[in-house]
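Visitor: give me coordinates for this.
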Amino acid sequence: MTASIAGALLLIGRKLLTAFIQLLVIATLIFSVMYIMPGDPVLLLLGADSNPSAEAVASMRTQLGLDQPVISQYFIWLWKALHLDFGVSLVNGYPISRYVLANLPRTLELAFAAIIIATLIGVPLGIAAALKRGSLRDTALTSIATVGISVPVYILGTLLVLLFSLKLGWLPASGYTDISRNVAEHFRKLALPAFALGFGLAASIARMTRSSMLEILGRDFVRTLRAKGMSERRIIWQHVLRNAAIPIVTIIGLQLGNLMGGTVLVEAMFNWPGLSTLLVGAVSARNYPLVQGSMLAIAALFILINLVVELLYSLLDPRIRRKRA
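Guide: Sure thing, here's the model as predicted:
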């Protein structure tokens, strides 16, 4: 028991160290790219059209710490980032951390809603297709999954708006309502962007579930259980699905991580004020500190989600825990 706990702690420690190194590398790249980009943030902050004086420019450089060596700027920025201090916006002087913390929950909500929809649709469809391999149902579900993967999210989003908003009038076409103001309206406006984002993921999950289920169904222990007279329902839910869960959890976790950086089109199309929308606006305005903070937040979420998925492997399959420990 003690050895098992020690092995689990060692595995968690390794994963945390790897995640920290990954985040450090990404933070270095973000700082470097922003530093070498054209344009002067001081002139942007002061207003290049106002022709600021040399004294004003020098004073602002000192205030922002831009008069120090690059390596010093990097370590200062990194230290502040570890304390969730990303500086202030070059447009209005508002703290970047408040921008990120205000928009991050909306992106997380959209991503989790999409992955829940994708899982609820994809896993049952994959199981249904696998249990009737080669049948008309299998062919139909596989075709639907192929279409779901092939259709771009902006086309699907447009079709959803045309059908459910303009034609049927069931759901709003776009916008955002805070949940504290109106719960029902909040989820009505969340439905279309979440489904548009989750439908393609549902197709990927369905295909992975089908292939994983078929692989497990063809193994010897399944034939043995059937020979012993165990019911098909019990075989499927207690044995086959459990053994097929690891690749399913893998793709769900990876897709959730990818959603952190893949919500740009959906947020823009449905006017959902999330982190991706914030990042696009910051890039357009050349608001470098806001770009750095947004990118670092997205990268940290991606790494954190992948870390959680990796640790879930060990819970689902003890063989992985013993091997990595």
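Visitor: surely residue 287 and residue 92 touch.
Guide: No. Assessed by Cβ atoms under 8 Å, residue 287 is found out of contact with residue 92, at 9.5 Å. From N, CA and C alone the C-beta is placed, and that goes for glycine too.
Visitor: neighbour count winner among the two?
Guide: Taking other Cβ atoms under 10 Å, residue 287 and residue 92 do not tie; residue 287 has more neighbours (25 against 8).
Visitor: for that one, which residues are in contact?
Guide: Each residue near residue 287 by Cβ atoms under 8 Å, 6 or more residues apart in numbering is listed here: 44, 89, 90, 91, 281.
Visitor: can you check residue 270 too?
Guide: In this structure, residue 270 makes contact with 157, 173, 174, 175, 189, 192, 193, 196, judged by Cβ under 8 Å, 6+ apart.
Visitor: name the element the fifth one belongs to?
Guide: To tie it back to what came earlier, the one meant is residue 189. Here residue 189, judged by DSSP states H and E, is contained in helix 183-217.
Visitor: give the next helix or strand downstream of that helix.
Guide: With DSSP H and E, the next secondary element past helix 183-217 is helix 220-227.
Visitor: quick one: that next one to helix 183-217, angle?
Guide: Put simply, helix 220-227 runs at 90 degrees to helix 183-217, going by axes from the mean of the first three to the mean of the last three Cα atoms, to 10 degrees.
Visitor: what's the helix or strand following helix 220-227 in contact with?
Guide: For helix 220-227, the following helix or strand on the C-terminal side (DSSP H and E) is helix 232-234. Helix 232-234 has contacts (Cβ under 8 Å, 6+ apart) with residue 226.
Visitor: show me what secondary structure element comes after helix 232-234.
Guide: Next along from helix 232-234, by DSSP H and E: helix 241-243.
Visitor: give the buried residues for the helix holding residue 189.
Guide: 189-210, 212-214, 216-217 (16 or more other Cβ atoms under 10 Å).
Visitor: just send the contacts of residue 287 back as JSON lines, with distance to residue 251, neighbour count and secondary structure too.
Guide: Formatted as JSON lines, these follow (distance: Cβ to Cβ, whole Å; neighbours: other Cβ atoms under 10 Å; DSSP: H, G, I helix; E, B strand; the rest coil):
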{"residue": "44", "distance to residue 251": "42", "neighbour count": "15", "secondary structure": "helix"}
{"residue": "89", "distance to residue 251": "37", "neighbour count": "20", "secondary structure": "coil"}
{"residue": "90", "distance to residue 251": "39", "neighbour count": "22", "secondary structure": "coil"}
{"residue": "91", "distance to residue 251": "39", "neighbour count": "15", "secondary structure": "coil"}
{"residue": "281", "distance to residue 251": "31", "neighbour count": "17", "secondary structure": "helix"}
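Visitor: let's have these in CSV, adding distance to residue 238.
Guide: Formatted as CSV, the contacts of residue 287 follow (distance: Cβ to Cβ, whole Å):
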residue, distance to residue 238
44, 61
89, 54
90, 58
91, 57
281, 50
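Visitor: greatest separation within those: which pair is it?
Guide: Spatial extent of the contacts of residue 287 (Cβ to Cβ) is set by the pair 44 and 281 at 14.3 Å.
Visitor: remind me which residues of the stretch 101-250 of the chain are low pLDDT?
Guide: Nowhere does the stretch 101-250 of the chain drop to pLDDT under 70.
Visitor: nearest spatial neighbour of residue 186, skipping sequence neighbours?
Guide: Using Cβ to Cβ, 6 or more residues apart in numbering and skipping residues adjacent in sequence, the residue nearest residue 186 is residue 179, 4.3 Å away.
Visitor: start to end distance for stretch 279-288?
Guide: Using Cα to Cα, to the nearest Å, one end of stretch 279-288 lies 10 Å from the other.
Visitor: residue boundaries of the helices in the stretch 51-200 of the chain?
Guide: Assigned by DSSP state H, counting those that start in this stretch, the stretch 51-200 of the chain shows helices spanning 54-64, 70-82, 96-131, 136-150, 153-160, 183-217.
Visitor: need those in CSV with distance to residue 270, can you?
Guide: As requested, these are arranged in CSV below (distance: least, Cβ to Cβ, whole Å):
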stretch, distance to residue 270
helix 54-64, 36
helix 70-82, 30
helix 96-131, 9
helix 136-150, 19
helix 153-160, 7
helix 183-217, 4
